[in-house]
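Q: Sharing a sequence plus its predicted fold:
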2 protein chains.
Amino acid sequence: MNLSVAEENYIKSIYKLQEGDEAVSTNALAYELDTKPASVTDMAKKLKEKKLIEYEKYQGIVLSSDGRKAALQIVRRHRLWECFLVDKLLFSWEEVHELAEELEHVRSEKLTNRLSEFLGNPVLDPHGDPIPDANGKLAKPRPQTSLDQTNAKRLVVTAVTDQSTALLAFLNAKGIKLGTQLEILAHYEYDNSIEIKLKQQPAITISEQVAKHIMVRPV
Amino acid sequence: MNLSVAEENYIKSIYKLQEGDEAVSTNALAYELDTKPASVTDMAKKLKEKKLIEYEKYQGIVLSSDGRKAALQIVRRHRLWECFLVDKLLFSWEEVHELAEELEHVRSEKLTNRLSEFLGNPVLDPHGDPIPDANGKLAKPRPQTSLDQTNAKRLVVTAVTDQSTALLAFLNAKGIKLGTQLEILAHYEYDNSIEIKLKQQPAITISEQVAKHIMVRPV
DNA sequence: AATATTATTTAGACAAATCTAAATAATAAA
DNA sequence: TTTATTATTTAGATTTGTCTAAATAATATT
C-alpha cells in the first residue's frame, strides 16, 4: 500500500483524534489539518476506497485495522526523528515537531529501523509520547493525568499533549520540561487557574488552558 | 523562493547535466528525470518565470545564478544525508542515493547546518563528491580522471560518477570502493575492456562502460 | 413539532504536474 | 537543396488535492 504525503497526514490526524473508539468528525479533522470540511469529505472517500478507514456519510471516520497499522508506522517515524533531532542534533524539544512532520514521510523500513537502533531503540520521544516498535506495538504509557485534573499535590511532568510551538516555547520559558517536578499550591475556580511551584523557584500561575495539556504522574 | 519537490528535482538535474557552460537539452533532461520531453518544456516555462533558469524555446536550458544557488543547497543536503546514512546508520554506499533523494527535500537551513556539524562538517560524500558549504562554496575537487582515460598505472579510486544501484552493487561485489588502490595491467582495444588488479586479489577485467564512471588519481 | 443552527456533502472549478498525439522547428542525409 | 529524421513544442486531457458556494442532513432551540 503506497500512501501519498496527503493521505499519510490524514491517517495520522485521524489516529490522533480517535481517542477511544468514537468516530472522528469531518469538522474536527478539517480543523486539525488546517483545511476545509469539503476537502475532508473528498479524502474520506479515497481512504475508504483504499480500506484504510471506515466511513459512511454523516457518520464520521474510524481507522480500519490497516489504517491503524499505517498510522503507527507514521507515528513511529515521527517520534524517532524527534529523538534524533533532540538527542543528536541538539534541537530543543519545541523546535522539532515541524521538522519531524517532514522527515516522517520518508517511507523506508530499513531506514526507520536503523535510525531506531542508532538512537538506542528509545521507547519515549522528547515529549514523553511512546514510540511504536517495528511491529507497531505501543509500550503501555504509565498512568498519567492532565495537570488540571489530578488530585495529587507532588507531581512529575510525563508528557505534553499539544505539540504547538507556542505552548512548548511557553513551557520552556517557565522552565517546565519532561521530568520536571512540581507542586500544586492551589486551584482558583473563579478564573480556572492553577498555582504551581517548581523546585527552587517562586510560585507561578498557569491557566487551565495550559494545564490540560501537561500530563503528570504522582511522585 | 519556495520550490516544490518537482521543481527541486529539475533544478538538481539541470545542475548535474550542465557540465561546463553548454545548455541542457529537453530530451537529455527528460531522460535524466525519467519523464517526457513535453513535461520538461512545461516545467521549463515555470522555472523561467521564477528566474531560476535561462530558457528560450529550442535553445536548451541553463541555470541562472539564483538557480545555481538553489542547486547547490539541494546538493549540499543530498550529500550530507548520504554521509549520515553511511557514517552513522551504517548503510553501504550503494544503498544511500535513493534515500538521500527523499531526505534532501526537507528544506531547513538550521537542520542542514546542524547535521553538517554533527557529521564533523565533511567535505566529501561517501561517493567522493564534494559537499558545498553553507554558502554554496564547493571545495575544488582534487585532479582526477576516469579509469578509462588515465595514463598512470597505479591509482586510487576517488569517486564514482554514476549513482545507479546496479553499478554501485557491481563495484561492491568486486571489492572496489573509495580509496581502493588498483593497478592497470592492460587495455584491450578490440572489446574496450581493461584488466586491473586490486591488492592481494587476482586480476579482473572490467568494461569501458564501467571504467568511465570510476574516477581515479595517481598514487 | 416547527424552526433555527450547525455539520456535512455535492457540484463544479482550479492549480500543479504530468501525459499523449499532433504540429512545428532544427538538424542530418541524400 | 530538397528530403528524411530527430528534437522540441503545443494543444488538450488526466490525476491529485484542494477550494467555494449551494444543497442537504443532523442536531438544537423555542
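A: Right, received. Where do you want to start? Computed from a prediction, not measured in an experiment: that's the story for all the values here. Numbers count the residues shown, from 1 in each chain, chains lettered A, B, ... in the order given.
Q: and the gap between whichever residue of chain A sits closest to DNA strand D and chain B?
A: Using C-beta to the nearest atom of the strand, the closest approach of chain A to DNA strand D is made by A:S4 at 2.9 Å. Glycine gets a C-beta too; all of them are placed from N, C-alpha and C. Computed with C-beta to the nearest C-beta, to the nearest Å, the distance linking A:S4 and chain B is 12 Å.
Q: Can you check what pLDDT the model gives that residue?
A: Each residue has a pLDDT score; the one for A:S4 is 97.
Q: Check A:P122 too.
A: 96.
Q: Pretty sure A:D129 is one of the things it touches, is it not?
A: No. Between A:P122 and A:D129 no contact is recorded; they are 10.9 Å apart, counting by C-beta atoms under 8 Å.
Q: can you pull the contacts of the most centrally placed residue in chain A?
A: The centre of chain A sits closest to A:T161, judged by C-alpha atoms, centre = their mean, with a distance of 5.4 Å. By C-beta atoms under 8 Å, 6 or more residues apart in numbering or on different chains, the residues touching A:T161 are A:S146, A:K212, A:H213, A:I214, A:M215.
Q: and these, which of them are in strands?
A: The members of the contacts of A:T161 that map onto strands under DSSP state E are A:S146, A:I214, A:M215.
Q: Filter the contacts of A:T161 down to the buried ones.
A: Applying a neighbour-count criterion of 16 or more other C-beta atoms under 10 Å in any protein chain shown, the buried members of the contacts of A:T161 are A:H213, A:I214, A:M215.
Q: Export the contacts of A:T161 as a markdown table, with columns for distance to DNA strand D.
A: Supplementary listing: the contacts of A:T161 in a markdown table, determined by distance: C-beta to the nearest atom of the strand, whole Å:
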| residue | distance to DNA strand D |
| --- | --- |
| A:S146 | 25 |
| A:K212 | 22 |
| A:H213 | 26 |
| A:I214 | 30 |
| A:M215 | 29 |
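Q: Nearest to A:K12, out of the residues you listed: which one, please.
A: Nearest to A:K12 among the contacts of A:T161, counting by C-beta to C-beta, is A:H213 at 18.7 Å.
Q: Check whether the closest one really touches A:L167, as I assumed.
A: Yes. In this structure, A:H213 sits in contact with A:L167. The criterion is C-beta under 8 Å, and the distance is 6.2 Å.
Q: Mind listing the shared neighbours of the two?
A: A:V160.
Q: quick one: A:Q149 and A:K140, what's the gap?
A: Going from A:Q149 to A:K140 by C-beta to C-beta, to the nearest Å gives 20 Å.
Q: For these two, indicate the residue with more neighbours.
A: Taking A:Q149 and A:K140 together and counting by other C-beta atoms under 10 Å in any protein chain shown, A:Q149 has the greater number of neighbours (10 against 7).
Q: what does chain A have sitting close to DNA strand C?
A: Applying C-beta under 7 Å from any atom of the strand, we find that chain A lies next to DNA strand C at A:25-28, A:37-38, A:40-42, A:44-45, A:55, A:57-60.
Q: Could you check which of A:P122 and A:D129 is surrounded by more residues?
A: A:D129 (19 against 16).
Q: Got the phi and psi for that one?
A: Note on A:D129: its backbone torsions stand at phi -80, psi 140 [degrees, to the nearest 10].
Q: what about it, distance to B:N172?
A: Between A:D129 and B:N172 the distance, using C-beta to C-beta, works out to 39 Å.
Q: again, but for A:R76
A: According to C-beta to C-beta, A:R76 and B:N172 sit 30 Å apart.
Q: The two - which one has more neighbours?
A: Under the neighbour definition other C-beta under 10 Å, A:R76 and B:N172 were set side by side, and A:R76 has more, 25 against 14.
Q: what's near enough to touch that one?
A: Residues in contact with A:R76 (C-beta under 8 Å, 6+ apart) are A:T112, A:S116, A:I131, A:P132, A:D133, A:A134, A:G136.
Q: now A:Q18
A: Remark: with contacts taken as C-beta under 8 Å, 6+ apart, A:Q18 is in contact with A:V24, A:V62, A:L63.
Q: Just the buried ones among those residues, please.
A: The neighbour-count test (16+ other C-beta under 10 Å) marks A:V24, A:V62, A:L63 as buried among those.
Q: after the longest helix anywhere in chain A, next one along is what?
A: Longest helix in chain A by number of residues (criterion: DSSP state H): helix A:65-83. Sequence-wise, the next helix or strand downstream of helix A:65-83 (DSSP states H and E) is helix A:96-103.
Q: okay, the angle between that following helix and helix B:96-103?
A: Here helix A:96-103 runs at an angle of 130 degrees relative to helix B:96-103 (axes from the mean of the first three to the mean of the last three C-alpha atoms, to 10 degrees).
Q: so helix A:96-103 versus helix A:65-83, what angle?
A: An angle of 130 degrees separates the directions of helix A:96-103 and helix A:65-83 when computed by the same axes, to 10 degrees.
Q: what about helix A:96-103 and DNA strand D, touching?
A: No. Between helix A:96-103 and DNA strand D, judged by C-beta under 7 Å from any atom of the strand, nothing touches; the nearest distance is 13.2 Å.
Q: is chain B contacted by that helix?
A: Yes. Helix A:96-103 lies in contact with chain B when judged by C-beta under 8 Å from any C-beta of the partner chain; the contacting residues are A:L99, A:E102, A:L103.
Q: And the last one, how far from A:L3?
A: By that I understand A:L103. Distance, A:L103 to A:L3, by C-beta to C-beta: 16 Å.
Q: Right, I'll leave it there.
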